[in-house]
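Participant: okay, here's the prediction I keep looking at, along with the sequence it came from:
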Amino acid sequence: MPTALITGANRGLGLEFVQQYAADGWSVIALCRDPAQATDLNAEAAKSGGRVSVDALDVLDFAAVDAAAARHAGRAVDVLINNAGIIGPVRDELAKQSFGTMDYTAWERVLRTNTMAPFKVTEAFFPNLMQGAQKKVAVISSTVGSNVEMQAPVVAYSSSKAGVTKTFTTLAAVLRDKGVTVMVFCPGHVKTDMGGEGAGVERYDSIAGMRKLIAGWTLAESGQFKRFNGETVAF
Ligand SMILES: NC(=O)c1ccc[n+]([C@@H]2O[C@H](COP(=O)([O-])OP(=O)(O)OC[C@H]3O[C@@H](n4cnc5c(N)ncnc54)[C@H](OP(=O)(O)O)[C@@H]3O)[C@@H](O)[C@H]2O)c1
């Protein structure tokens, strides 16, 4: 069976990816910041018969990204999913990503996590991807990063998602002749810690939709930006 590698795999959308791929018989390399605290993910690994392995990775630490790739050297990865992400200061701290009161340290952290780290993780695990049969890499972006569809007052977050969408669209052109398919997703507004309880999309539906799209995504479509339900996101 194929292998998926997922960042931010301990909760939210990342955990749902792990659960659905594992239920489908895939092997999963599940990366998260703190495996010792990843109770739900560890439970998933425990019942997987060895198909789900949990390993530590804080995507902000690029040396740690290289070290994680070295630990998994020689292992084929069919689908690499850059899921880990942060929204930055929100609610009563929203001013920290607003004009006039910007917290630049917070903005840098959001950019490094959401825009630069997916590129770094893809670079580091590229040999694994080339060994996989499917050669597919995804990033979970957001419609909030689209200039056409949405404007939201979260400057750090929206700029980071616009940045990663452009980065992966560019990457698609760079990697096309290596046979690598690049996929950019908006998962919808999903009920997770980030999306909140009031979100309109269930985790199961978002991930089932994206998994179906991943399975059918062709090299000719590399670099496209799609919502979990298959709609094209205007960017
Ligand atoms: N939910 C939505 O409505 C929505 C909409 C559009 C896009 N997205 C995107 O979808 C992705 C997943 O979001 P979610 O809703 O599942 O969010 P979430 O519930 O807040 O989970 C975020 C995940 O990312 C991990 N993470 C954050 N920083 C990390 C780092 N430096 N290193 C490793 N892991 C890190 C978290 O790990 P810890 O537990 O260690 O913090 C957690 O596993 C994100 O990229 C988000 O921007 C979500």
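Facilitator: Right, received. Where do you want to start? A quick note: this is a predicted structure, and the numbers were derived from the prediction, not measured.

Participant: use CA for all of it now, contacts and neighbours both
Facilitator: OK.

Participant: wait, residue 165 touches residue 184, no?
Facilitator: Yes. Here residue 165 lies in contact with residue 184, judged by Cα atoms under 8 Å, at a distance of 6.5 Å.

Participant: hey, what's in contact with both of these two?
Facilitator: Shared contacts of residue 165 and residue 184 (Cα atoms under 8 Å, 6 or more residues apart in numbering): 141, 225.

Participant: and the residue nearest the centre of the chain, backbone torsions?
Facilitator: For the chain, residue 83 is the residue whose C-alpha lies nearest the centre (Cα atoms, centre = their mean; 1.8 Å). Main-chain torsions, residue 83, degrees, to the nearest 10: phi -110, psi -30.

Participant: please name the residues that touch it.
Facilitator: Counting by Cα under 8 Å, 6+ apart, residue 83 has contacts 6, 7, 8, 9, 13, 14, 139, 140.

Participant: mind checking how far the nearest residue to the fourth one once chain neighbours are set aside is from the ligand?
Facilitator: When you say that, I think you mean residue 9. Excluding its sequence neighbours, the residue lying closest to residue 9 (Cα to Cα, 6 or more residues apart in numbering) is residue 15, at 4.7 Å. Going from residue 15 to the ligand by Cα to the nearest ligand atom, to the nearest Å gives 7 Å.

Participant: give me the element residue 15 is part of.
Facilitator: Assessed by DSSP states H and E, residue 15 sits inside helix 12-23.

Participant: next secondary structure after that helix?
Facilitator: strand 27-32.

Participant: returning to that earlier point: and the residue nearest to residue 9, how many residues sit next to it?
Facilitator: Neighbours of residue 15 under the rule other Cα atoms under 10 Å: 24.

Participant: ok, residue 187 next?
Facilitator: Residue 187: 22 neighbours (other Cα under 10 Å).

Participant: residues touching it, list them.
Facilitator: 140, 141, 142, 206, 207, 210, 227, 228.

Participant: next up, phi/psi of the fourth one, please.
Facilitator: Going back to what we said before, that points to residue 206. Torsion angles, degrees, to the nearest 10, at residue 206: phi -60, psi -50.

Participant: quick check: it touching residue 186?
Facilitator: No. With contact defined as Cα under 8 Å, residue 206 does not count as touching residue 186 (9.2 Å).

Participant: higher neighbour count, these two?
Facilitator: Neighbour tally, residue 206 and residue 186, criterion other Cα under 10 Å: the higher count belongs to residue 186, 25 against 22.

Participant: separation between the closest residue to residue 146 other than its chain neighbours and residue 135?
Facilitator: The shortest distance from residue 146 to any non-neighbouring residue, by Cα to Cα, 6+ apart, is to residue 235 (4.6 Å). To residue 135, residue 235 is 24 Å away according to Cα to Cα, to the nearest Å.

Participant: which helix is the longest one in this structure?
Facilitator: If you go by DSSP state H, the chain has its longest helix at helix 155-175.

Participant: my guess is residue 76 contacts residue 134. True?
Facilitator: No. Judged on Cα under 8 Å, residue 76 makes no contact with residue 134 at a distance of 9.8 Å.

Participant: these two: who's more crowded?
Facilitator: Neighbour totals were compared for residue 76 and residue 134, and residue 76 leads with 22 against 19 (other Cα under 10 Å).

Participant: ok, back up a step: which of the contacts of residue 83 has the most neighbours?
Facilitator: In terms of neighbours by other Cα under 10 Å, these top out with residue 9 at 31 neighbours.

Participant: report the secondary structure state of that one.
Facilitator: Per DSSP: H, G, I helix; E, B strand; the rest coil, the secondary structure class of residue 9 is coil.
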